[in-house]
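>>> Sequence and predicted structure are below.
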Amino acid sequence: AQSVSQHNHHVILSEAASLELGCNYSYGGTVNLFWYVQYPGQHLQLLLKYFSGDPLVKGIKGFEAEFIKSKFSFNLRKPSVQWSDTAEYFCALNYGGATNKLIFGTGTLLAVQP
Amino acid sequence: DAGVTQSPTHLIKTRGQQVTLRCSPKSGHDTVSWYQQALGQGPQFIFQYYEEEERQRGNFPDRFSGHQFPNYSSELNVNALLLGDSALYLCASSFPSGGGTEAFFGQGTRLTVV
């Protein structure tokens, strides 16, 4: 069965530190990959997405992610985090076809200390 | 432009009762999906509606049912509530229908079963 793994459940960083959140998936075919963010009290918002083409994708708020097909990975990065990046981050995939059913990882709670 | 709206925002029900949650998709969207997000977990796909039909279903019992109206809004019904149904229920809409599109999420309905 298709699945998404996020191995970092809680991450604590100081402002200006670099961030990398891991995401691995299991599915042998073509996938679309997403990172969503959920700020405290807010709805899930799309940070970035990969459908095809350049495996390095840039999203909002300075985030980027790299799709490495051989490693089944789609790690999220940001060179310098801010206190306002404190949120929960979810990696997700869908595999196209007639629906856009998303399969989510368990999420990573990021706390940025000022 | 209104995004995805869900009602109510919070709900407390007793075991064995039935509940109906409502969702209005983002303007122009024709596809509505429902997800259950238990505490500390990522959202889990319940089902998706398109053209007033259930198009795909996740691993949820028949106690979970839905409906989509001609204006694309949707309802999620849960019968015979269990304590384990306590969760945040998320609605997501998308357009055009298909796998390669972005889903927009509402803020969710927090259901507590006591």
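Happy to help now that I have it. Numbers count the residues shown, from 1 in each chain, chains lettered A, B, ... in the order given.
>>> Centroid-nearest residue for chain A?
Centroid-nearest residue in chain A: residue A:35, 3.3 Å away (criterion: C-alpha atoms, centre = their mean).
>>> List the contacts of that one.
By C-beta atoms under 8 Å, 6 or more residues apart in numbering or on different chains, the contact set of residue A:35 is A:23, A:46-49, A:59, A:63, A:65, A:74, A:76, A:89-92. No exception for glycine: its C-beta is placed from N, CA and C like everyone else's.
>>> possible to save those residues as CSV with distance to residue B:10 and secondary structure?
Compiled in CSV, the contacts of residue A:35 are given as follows (distance: C-beta to C-beta, whole Å; DSSP: H, G, I helix; E, B strand; the rest coil):
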residue, distance to residue B:10, secondary structure
A:23, 31, coil
A:46, 25, strand
A:47, 27, strand
A:48, 31, strand
A:49, 31, strand
A:59, 31, coil
A:63, 31, coil
A:65, 33, strand
A:74, 34, strand
A:76, 31, strand
A:89, 25, strand
A:90, 22, strand
A:91, 28, strand
A:92, 25, strand
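>>> ok, back up a step: and the residue nearest to the centre of chain A, which helix or strand is it part of?
Using DSSP states H and E, residue A:35 sits within strand A:32-38.
>>> Find the centremost residue of chain B, please.
Taking C-alpha atoms, centre = their mean, the centroid of chain B lies closest to residue B:34, which sits 3.0 Å from it.
>>> Report pLDDT for residue 15.
Answering for chain A, as no chain was given. At residue A:15, the model reports a pLDDT of 97.
>>> my bad, chain B
Looking at residue B:15, its pLDDT reads 98.
>>> Surely it forms part of a helix?
No. Assigned with DSSP: H, G, I helix; E, B strand; the rest coil, residue B:15 falls outside any helix and is coil.
>>> list the contacts for it?
By C-beta under 8 Å, 6+ apart, the residues touching residue B:15 are B:81-83, B:113-114.
>>> If we use 10 Å, what do you get?
B:80-83, B:85, B:113-114 (C-beta atoms under 10 Å, 6 or more residues apart in numbering or on different chains).
>>> go on, residue B:61?
Applying C-beta under 10 Å, 6+ apart, the residues near residue B:61 are B:78-80, B:82.
>>> Tell me which two of those residues sit farthest apart.
B:79 and B:82 (10.2 Å; C-beta to C-beta).
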